[in-house]
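Asker: A predicted structure for the sequence below; I have some questions about it.
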Amino acid sequence: MQTELPVAASPPESLEGILERFVYANDDETFFVALVRPDRGDAVRAAGALGGLAPGERVRLIGQRVNHPRFGDQFKVEAAYPIMPATVDGIRAYLASGRVKGIGGRLADRLVKQFGAETLDVIAEAPERLAKVPGIGPKRGRELHDVFLSQKTQRDVLVFLQGLGITPGVAQRIFKRYGGSAIPRVRENPYRLAEEVRGVGFTTADAIARSMGFAPDSPERAGAALAHLLGRASDDGHCFLPRALLLERADALLGRPGVAEPMLDALVAEGRLIEDDGIYLRAVQGLEQEAAGRLRLLTDAAVPPLVADPATFERETGLALAPTQRAAVERAAEVGVMVLTGGPGTGKTTIVRALLHLLRQDGGKVLLAAPTGRAARRMAEATGHEAKTLHRLLEYSPADDGFHRDEQEPLEAAAVVVDEASMVDLQLFVALLRAVAPGTRLLLVGDADQLPSVGAGNVLSDLLRSGAVVAVRLTEVFRQAATSRIIVNAHRVLRGELPEAPPEGVESDFYLVPARGAEEASDLIARMVAERIPKAFGLDPINDVQVLTPMHRGAAGAERLNALLQARLNPDGAPIERGNRRFRVGDKVMQVKNDYDKEVFNGDLGRVVGRGEKGLICDFDGRICQYIGDDIDALMLAYACSIHKSQGSEYPAVVAPVLTEHWVMLQRNLLYTALTRARRLVVLVAEPRALRRAVQNVEGLRRFTGLARRLTA
């Protein structure tokens with residue numbers, strides 16, 4: 001099975017001929033091998049991105065001739081597009097290939113017999129003449145004309161785009177986005193590709209624009225750079241960038257100091273960007289304003305008093321609430337919106353259970369939700385009541401890319417309780433607020449010391465900082481939890497103190513293993529997960545042990561650790577290839593985006609249980625799902641994953657490297673999040689200097705957000 005070619009240094013050349021047949025296509029159809037027969041000589045084996053071509057077509061390939069060590073002489077394709085045949089035989093073969101919908105072999109023969117070498121010109125320019133061919137009336141003639149022209153337009157667009165150095169796959173996406181208007185749109189402003197077409201970033205759009213003659217100091221280039229930087233800032237969690245910082249980054253990106261500022265002023269004047277204590281994308285600023293307005297409506301609205309009191313919960317469950325817990329329950333019963341925050345062992349779940357009991361005693365319906373599927377399942381297990389993901393609660397529609405529950409059709413409940421609220425980003429928070437009618441209680445539960453949401457915003461922290469919402473912060477660690485060295489060390493980290501290892505020879509649920517460098521740490525982790533932890537603690541190395549690391553790349557990043565652990569824990573599984581990624585039957589995998597059709601959600605862990613016809617089959621806690629084509633992009637190996645990806649999850653055992661290799665990512669809330677993901681065991685494999693950095697760094701990745709300011713305005 002071939003998936004890559006050697007690099008050749010010779011200049012590009014052109015190969016023209018008939019594409020006879022495909023001999024190989026990978027699962028995601030990004031790499032093909034085909035036989036192409038030139039006008040003279042033997043068929044040539046061509047390999048590369050040949051998507052969109054069909055057998056029987058005349059094609060022009062741009063690339064290089066190489067010698068593959070296994071497959072011999074080949075033509076390595078860099079660009080490929082169909083061209084119109086010029087001979088009668090070529091026209092007949094092209095039409096008979098089925099490329100033009102509605103024309104098969106017999107009709108192709110009749111058309112060529114009637115019009116000869118003019119056949120394609122007649123179809124394109126004089127469809128009324130097609131009526132001379134038996135079996136073609138005026139209506140069918142127009143249909144054939146329309147189909148042919150649409151394909152000709154696509155071909156012309158692909159030729160134009162690939163001539164600019166755009167890969168065939170990206171060229172297809174551009175055509176899908178713009179259709180027949182792709183050429184004039186790209187010519188007018190190629191920088192729009194970076195904003196509007198997936199897979200085209202600023203660097204690619206800039207290269208295209210420069211090849212088309214756009215000047216380095218053109219306003220189009222400066223505007224695209226500003227939009228690109230704000231979009232990237234949003235991906236990093238920011239809602240805005242300070243003006244000076246944005247201009248500093250723009251000058252560095254453009255390499256032309258002073259060019260960006262006039263364009264920034266122009267974009268602000270046009271209303272495309274918003275200046276509001278910083279520079280916002282219009283959509284993000286609108287979300288912040290809406291969040292603040294809707295939250296005020298909920299906090300100002302009266303809620304019906306609860307008849308029951310916490311004592312009924314204590315009598316019926318046999319649980320005794322501590323004074324701080326009782327006060328929190330009573331406060332939540334009085335107000336419309338409340339934030340409940342605290343670290344592990346501080347009793348958040350008990351308070352939620354007590355409040356649920358009170359609300360249901362009063363006959364009120366309570367809805368429970370969390371940002372991820374795993375967090376929702378944990379919430380359901382802890383409370384004994386159904387919990388959904390926020391997307392499912394709000395009835396997200398993939399087709400509409402929106403929520404059915406909103407201000408027009410709000411949630412029908414006396415109260416809505418959201419757990420793991422630190423993971424809720426600004427966009428999802430606004431969607432939730434739209435669906436909660438005034439008079440419905442909203443309780444947000446979370447640990448504000450954990451990592452913030454992956455998406456833009458820092459909602460939970462902003463609510464606490466604003467003081468505009470009633471908040472209860474739990475700090476007391478209860479006796480049972482205080483016996484856990486995991487919880488003790490998590491709170492030590494919060495206080496800026498280094499975690500403590502147990503005395504030598506003492507059994508514990510927390511261990512600190514020194515390492516000298518990332519290579520040694522990776523080898524240590526692989527041995528511990530595969531051998532030492534299963535032997536010492538009786539834990540399954542795949543199902544029970546999760547490696548969490550600060551970064552994806554590097555010697556101790558998720559990618560390399562996954563490769564090491566896959567080799568140790570699943571060396572003999574049948575291979576399944578997806579581009580450059582290699583899965584094996586038996587692998588531990590993680591879903592990295594929500595799939596509502598499969599009912600598998602971001603952060604869910606599963607196992608590869610088989611090979612499908614064009615993909616693989618996974619088992620997610622008994623839910624069997626088939627992954628084909630682009631679906632597979634939603635999966636990643638999960639023996640190791642980033643700490644960010646672990647948010648909302650909990651594992652029996654966590655092993656985490658803390659190394660100087662991860663220096664730029666090391667911060668207190670990152671280490672704290674890793675520690676609090678484990679129930680039974682934590683092993684930190686750490687360099688002392690890196691561990692001190694992680695504990696002491698409270699600046700972290702500061703987020704520029706304005707929700708707290710808007711709530712206090």
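Answerer: Received, thanks.

Asker: And the helices in the stretch 501-650 of the chain?
Answerer: Taking DSSP state H, counting those that start in this stretch to define them, one finds helices in the stretch 501-650 of the chain at 518-527, 533-537, 558-569.

Asker: Go through the second one and flag the buried ones.
Answerer: Counting neighbours by 16 or more other Cβ atoms under 10 Å, one finds that the buried residues in helix 533-537 are Ile533, Pro534. All C-beta atoms are positioned from the backbone trio N, CA, C, and that covers glycine.

Asker: Please state the offset of it from the chain centre?
Answerer: The chain centre lies 34 Å from the centre of helix 533-537; the measure is Cα atoms, centre = their mean, to the nearest Å.

Asker: what residues does that helix touch?
Answerer: Leu539, Asp540, Pro541, Val545, Ala653, Val655, Arg680, Leu681, Val683 (Cβ atoms under 8 Å, 6 or more residues apart in numbering).

Asker: My read is that Leu539 contacts Val545, right?
Answerer: Yes: counting by Cβ atoms under 8 Å, Leu539 does reach Val545; the two are 5.7 Å apart.

Asker: hey, what's in contact with both of these two?
Answerer: Contacts common to Leu539 and Val545, judged by Cβ under 8 Å, 6+ apart, are Ile533, Pro652, Ala653.

Asker: Look through the chain and tell me its longest helix.
Answerer: Ordering each helix of the chain by length in residues (DSSP state H) puts helix 138-163 first.

Asker: what's the next secondary structure element after it?
Answerer: Next in sequence after helix 138-163, counting helices and strands by DSSP states H and E, comes helix 168-178.

Asker: can you list the residues that contact the next helix or strand after that next one?
Answerer: Next helix or strand after helix 168-178 toward the C-terminus (DSSP H and E): helix 182-188. Residues from elsewhere that reach helix 182-188 (Cβ under 8 Å, 6+ apart): Asp156, Val157, Phe160, Leu161, Leu164, Ile174, Phe175, Tyr178, Arg192, Leu193, Ile208, Met212.

Asker: run the last query once more with 10 Å
Answerer: Defining contact as Cβ atoms under 10 Å, 6 or more residues apart in numbering, one finds that helix 182-188 is touched by 153-154, 156-161, 164, 166, 171, 174-179, 181, 192-193, 196-197, 205, 208-209, 212, 220.

Asker: Can you mark which positions in it are buried?
Answerer: Counting neighbours by 16+ other Cβ under 10 Å, one finds that the buried residues in helix 182-188 are Ala182, Ile183, Arg185, Val186.

Asker: starting at the chain centroid, how far to that helix?
Answerer: 29 Å.

Asker: Do me a favour and average the pLDDT over that helix.
Answerer: Mean pLDDT, helix 182-188: 84.

Asker: Dump the C-alpha coordinates for that helix into PDB.
Answerer: In PDB, the C-alpha atoms belonging to helix 182-188 read as follows (Å, rounded to 0.1, in the frame of the first residue of the first chain):
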ATOM      1  CA  ALA A 182     -14.300  31.900  -7.900                       C
ATOM      2  CA  ILE A 183     -12.000  33.400 -10.500                       C
ATOM      3  CA  PRO A 184     -13.200  37.000 -10.300                       C
ATOM      4  CA  ARG A 185     -13.500  36.800  -6.500                       C
ATOM      5  CA  VAL A 186      -9.900  35.600  -6.100                       C
ATOM      6  CA  ARG A 187      -8.600  38.100  -8.600                       C
ATOM      7  CA  GLU A 188     -10.400  40.900  -6.800                       C
END
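
Asker: so what secondary structure elements neighbour whichever helix or strand comes after it?
Answerer: As assigned by DSSP H and E, the chain's next helix or strand after helix 182-188 is helix 192-196. Counting contacts by 3 or more Cβ pairs under 10 Å, 6 or more residues apart in numbering; DSSP states H and E, helix 192-196 is packed against helix 168-178, helix 182-188, helix 202-211, helix 219-235.
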